[in-house]
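Enquirer: take a look and give me a structure for this.
(chains A and B)
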2 protein chains.
Amino acid sequence: MHFELTKDFIAYLKSLIEVQDVEKILECFSDAHPADIADILEQLTNEEANYVFLQFQPSVEASILVELEDEQLDRLLTVIPAEIIATDLIEKMDSDDAADILQTLPERIKTEVLAKMSDKEQASDIADLLDYDEDTAGGLMATELVRVNKNWNVQKCILEIRKQAGEVDNMMNVYVVDDDDVLVGMLPIARLVLAGESAVISDIYDDEVISVPTSMPSEELARLMDKYALLVVPVVDSLNRLKGRVTVDDVVDVIREEAEKDYQMQAGLTQDVDDNDTMLRQTMARLPWLFVGLLGGVLSSRVIGVFEDDIARNASLTLFLPLLAAMGGNVGVQSSSIMVQSIAGGTLKLTSIWMKIFREFLGGLLIGVICSVVLFLYNWLSGNDLQLTSVVSFSLLVIIVFASLFGTFVPLALEKCKIDPAIATGPFVTTTNDIVCCLLYFSIARSLLI
Amino acid sequence: MHFELTKDFIAYLKSLIEVQDVEKILECFSDAHPADIADILEQLTNEEANYVFLQFQPSVEASILVELEDEQLDRLLTVIPAEIIATDLIEKMDSDDAADILQTLPERIKTEVLAKMSDKEQASDIADLLDYDEDTAGGLMATELVRVNKNWNVQKCILEIRKQAGEVDNMMNVYVVDDDDVLVGMLPIARLVLAGESAVISDIYDDEVISVPTSMPSEELARLMDKYALLVVPVVDSLNRLKGRVTVDDVVDVIREEAEKDYQMQAGLTQDVDDNDTMLRQTMARLPWLFVGLLGGVLSSRVIGVFEDDIARNASLTLFLPLLAAMGGNVGVQSSSIMVQSIAGGTLKLTSIWMKIFREFLGGLLIGVICSVVLFLYNWLSGNDLQLTSVVSFSLLVIIVFASLFGTFVPLALEKCKIDPAIATGPFVTTTNDIVCCLLYFSIARSLLI
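Expert: Below is the predicted model of the structure:
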């Protein structure tokens, strides 16, 4: 049940593929969940993965496809004819999974696959889904659900469920609509079980149902389902007509991707990369922010250039330059991360932006004073030059206060301009801080040490 | 339905509280979901929040409590007598929510509340739940579920559901056990609806059910439910006896908290803090890593001290110090973040640690060469001293390669030692990089420039 992927297993599997021992290969996978099979395929070469994949029954193939990463999916689908994709694979999937997979195909093949599907109603449902923006409730929803008219009785309702039973996974509720297909409520299946066969739906359904429009952005949908602890939510169009339903497992992916995006941003990566990705892909994800850092470093070298004579006269000015730059960077990232998380989590206190800045000023002052005093005591106790010690400690205070304010302000400003505030936690704030830090430190040194 | 929290609304509400206009206050909340009410209470002072809370019906109070943050919860529960907590609030909650809330109370009050509950069976269930570690499947599960014996027929099964109907939310399946209460399978409610009343459970149930042990750590549970797209999973003890069930909404919190923890670590925060927290709490979360940064900065000042004469002779050595330190830090954080995400996401390629290090060496070399060439070209074109330019560019290459290797190695080593690898993305790697960077740069400069 809980499949454990090991190096030995992969080696054994590769040896079976080598000698094309189909029977033993399939034996390896006899108990595996499609999600496990997908994980295993990711560890093989393209040729090996394609070879193994094609040994499965179409229904298993369909469930594996749903679990694959986009790259692997692309590679697999190019070796399978459109007709097979249409009738053996896509038709066996839920509409939302089918749409997701078609989405990854080139336009021409997508159209070909849809045209070759034998279930025209399903093809039309999927084509409709493809029209929604991927990052909205419409793009996430599945059209498989049980809809019943509020004027029906329980018996007719059960007949309808019987008709659609095979199609809908995780059925908890049936959705109640009026004659115009407008969503008016829902009926938990458990209540249906308990009601008499002749009971009329309109007497037993629940008219307080949270629904979302097809256009709702997926992050907002994720927050809503999380907040109200919904396992499934019906999706309606602008006339409130029932179009589909989103289950929370689809939204979990959105929540995780959202968190990962912020994490990558903070780490200075422009794409979702992991250990498994090619070196080229990793390098492309890393270089953009590194160039920003390079530019920032060049600018700070210009700033320091202005003070080169001061340094020549007093080389010990350099001693604490990395300390000041690092502390400025750390404080700035802390401040912006707190803001970004508050914005993302919706826990931003309802005070004005200036109130927040003022509060951060006090917070920065507190942290700055503590750090400066600690640094001063260290320098004083280790018998460093008292004048330099004072300059460095005072600069640290100023830099920390600046970094907190700047780190707080930038995400709030980005949010106001409808730009993702998470950008602020990337190397952008750190780089700016480095430049300003050099400027502040050497200016303070020049005015106090002369 | 979608409640929008505004400053105006809060101001209006505060004015109503001022004049104790209970009727209008309750009117404000007439359509609000308990999760919305909890959000609103968070924006009030303690006295205001307590006052408003006590105006609601006990059943509404119970659902609000479930949604509150721990701090606010503590403040509220201290003003409510144990007996009221027991009979009016705890008894109206699902067992898992009740256990979570009791968990936040002092030991003495917890015992008192449990003793005062009138539903002794529920009290015993909750007491059992309190014995599980909070961060395991046992700590997350609710005991409310419908269990049926595999020898029963559908009619008896429906009677059982009727008995427990009110208690179980989001009912999708009933769980099938044998005479020893051992979980043998599950039965989707939809299938129950379609079967005849005389059908025997053992003929229609599904014996392939993924269950988890009570001891499974919550992060592992979260990964499992996410991977297999489970909305609900049964929890069993070591004899495979059915103990409870976990729904995915509880696990979503785990996923989000996990992601937030990594994010905070990367930002150099030791606790989950947001804009709403007191300045003291924020400062306490920020200082520990800042002290690490301070210590690192002091050590790097010692390293630079060794080279003070070189700097006095050639002040322009300082120009590119911030650039080198920043680039080392950025590259290091990128490398460790990629590793941490791969470890967390389970997408680590099954190769040896040395293979990974070698691969990262090549990757670091590629990035290092690109950045060094760019920096060299800039310096050359802007007519900087060619000798210094060469030293800086070569140092950048060495520092980038070191930072990639170090950033890759540390999380892998931490993981081997069973320490959370996410620590590596915090200021730890950056700080070490700063020190090593100074050492490498000035050593290279001394050997090449003399």
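
Enquirer: what segments of chain A are strands?
Expert: For chain A, strands defined by DSSP state E occupy the ranges A:147-149, A:173-177, A:183-188, A:212-213, A:232-236, A:242-247.

Enquirer: put together CSV for those, with mean neighbour count on each row.
Expert: C-beta here means a position set from N, CA and C on the backbone, and glycine is covered the same way. CSV is the format used below for these (neighbours: other C-beta atoms under 10 Å in any protein chain shown):
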stretch, mean neighbour count
strand A:147-149, 18
strand A:173-177, 24
strand A:183-188, 21
strand A:212-213, 20
strand A:232-236, 23
strand A:242-247, 24
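
Enquirer: out of the ones you listed, flag the one nearest B:G196.
Expert: strand A:173-177 (20.2 Å; C-beta to C-beta).

Enquirer: quick one: contacts for A:T408?
Expert: Residues touching A:T408, when contacts are defined by C-beta atoms under 8 Å, 6 or more residues apart in numbering or on different chains, comprise A:S335, A:S336, A:I338, A:M339, A:K356, A:I357, A:E360.

Enquirer: dump the strands of chain A to TSV, plus mean pLDDT.
Expert: What follows is these, written out as TSV (pLDDT from 0 to 100):
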stretch	mean pLDDT
strand A:147-149	92
strand A:173-177	92
strand A:183-188	92
strand A:212-213	96
strand A:232-236	95
strand A:242-247	94
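
Enquirer: now distance to A:I444 too, for these, in a markdown table please.
Expert: Output for the strands of chain A, formatted as a markdown table (distance: least, C-beta to C-beta, whole Å):
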| stretch | distance to A:I444 |
| --- | --- |
| strand A:147-149 | 71 |
| strand A:173-177 | 66 |
| strand A:183-188 | 65 |
| strand A:212-213 | 54 |
| strand A:232-236 | 57 |
| strand A:242-247 | 56 |
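
Enquirer: B:D309 is nearest to which of these?
Expert: strand A:242-247 (67.5 Å).

Enquirer: and the residue nearest the centre of chain A?
Expert: For chain A, A:E257 is the residue whose C-alpha lies nearest the centre (C-alpha atoms, centre = their mean; 1.4 Å).

Enquirer: against chain B, how distant is that residue?
Expert: Remark: distance between A:E257 and chain B (C-beta to the nearest C-beta, to the nearest Å) = 10 Å.

Enquirer: now the contacts of A:T408: which count as buried?
Expert: Neighbour-count burial (16 or more other C-beta atoms under 10 Å in any protein chain shown) is assigned, among the contacts of A:T408, to A:S335, A:S336, A:I338, A:M339, A:K356, A:E360.

Enquirer: so how far is A:V193 from A:D203?
Expert: Between A:D203 and A:V193 the computed distance is 16 Å (C-beta to C-beta, to the nearest Å).

Enquirer: looking at these two, which is more packed in?
Expert: More crowded of A:D203 and A:V193, by other C-beta atoms under 10 Å in any protein chain shown: A:V193, with 21 against 10.

Enquirer: pretty sure the more buried one sits against B:I158.
Expert: Yes - at 5.7 Å, A:V193 counts as touching B:I158 under the criterion of C-beta atoms under 8 Å.

Enquirer: for the stretch 151-300 of chain A, give me the ranges with low pLDDT.
Expert: Segments of the stretch 151-300 of chain A classed as low confidence (criterion: pLDDT under 70) are A:165-168.

Enquirer: what sits against the residue of it found nearest chain B?
Expert: Distances from the stretch 151-300 of chain A to chain B, computed as C-beta to the nearest C-beta, single out A:G297 as the nearest residue at 2.4 Å. With contacts defined as C-beta under 8 Å, 6+ apart, the neighbours of A:G297 are A:T431, A:D434, B:F320, B:P322, B:L323, B:L324, B:A326, B:M327.

Enquirer: what about the fourth one, neighbour count?
Expert: Pointing back at B:P322 there. Counted by other C-beta under 10 Å, the residues lying close to B:P322 total 27.

Enquirer: nearest residue to it in space, please, no chain neighbours.
Expert: Nearest-residue entry for B:P322: A:S300, 4.5 Å, with adjacent residues in sequence omitted and distances by C-beta to C-beta, 6 or more residues apart in numbering or on different chains.

Enquirer: what separates the lengthiest helix in chain A from the chain centre, distance-wise?
Expert: With DSSP state H setting the assignment, residue counts place helix A:386-416 as the longest helix in chain A. Computed by C-alpha atoms, centre = their mean, to the nearest Å, the separation of helix A:386-416 from the middle of its chain amounts to 31 Å.

Enquirer: go through it and flag the buried ones.
Expert: Residues of helix A:386-416 classed as buried by neighbour count (16+ other C-beta under 10 Å): A:388-412, A:414-415.

Enquirer: which segments of chain A make up each domain?
Expert: Residue ranges of the domains in chain A are recorded as A:7-135, A:147-256, A:279-449, according to automatic domain parsing.

Enquirer: what's the most buried one of those?
Expert: Burial among those, expressed as mean neighbours by mean count of other C-beta atoms under 10 Å in any protein chain shown, is greatest for domain A:279-449, which shows a mean of 20.

Enquirer: sorry, back to before: just give the number of residues close to the closest residue to the residue nearest to the centre of chain A other than its chain neighbours.
Expert: Nearest residue to A:E257 in three dimensions, chain neighbours excluded: A:D272, at 7.7 Å (C-beta to C-beta, 6+ apart). Here the neighbour count serves as a burial measure; for A:D272 (other C-beta under 10 Å) it reads 15.

Enquirer: A:D272 touches A:Q264, doesn't it?
Expert: Yes - A:D272 sits in contact with A:Q264 when judged by C-beta under 8 Å, with a separation of 6.3 Å.

Enquirer: hang on, A:V391 packs against A:S447?
Expert: No - under the criterion of C-beta under 8 Å, A:V391 makes no contact with A:S447, lying 9.3 Å away.

Enquirer: return the residues in contact with the nearest residue to A:K116 once chain neighbours are set aside.
Expert: Take A:K116 and drop its neighbours on the chain: the residue closest to it by C-beta to C-beta, 6+ apart is A:A86, 3.8 Å away. Under the criterion of C-beta under 8 Å, 6+ apart, the neighbours of A:A86 are A:E112, A:V113, A:L114, A:A115, A:K116, A:M117, A:S118.

Enquirer: so what's the one residue in the stretch 301-450 of chain A that gets nearest to chain B scoring on pLDDT?
Expert: Using C-beta to the nearest C-beta, the point where the stretch 301-450 of chain A gets nearest to chain B is A:L323, with a distance of 2.5 Å. pLDDT, A:L323: 93.
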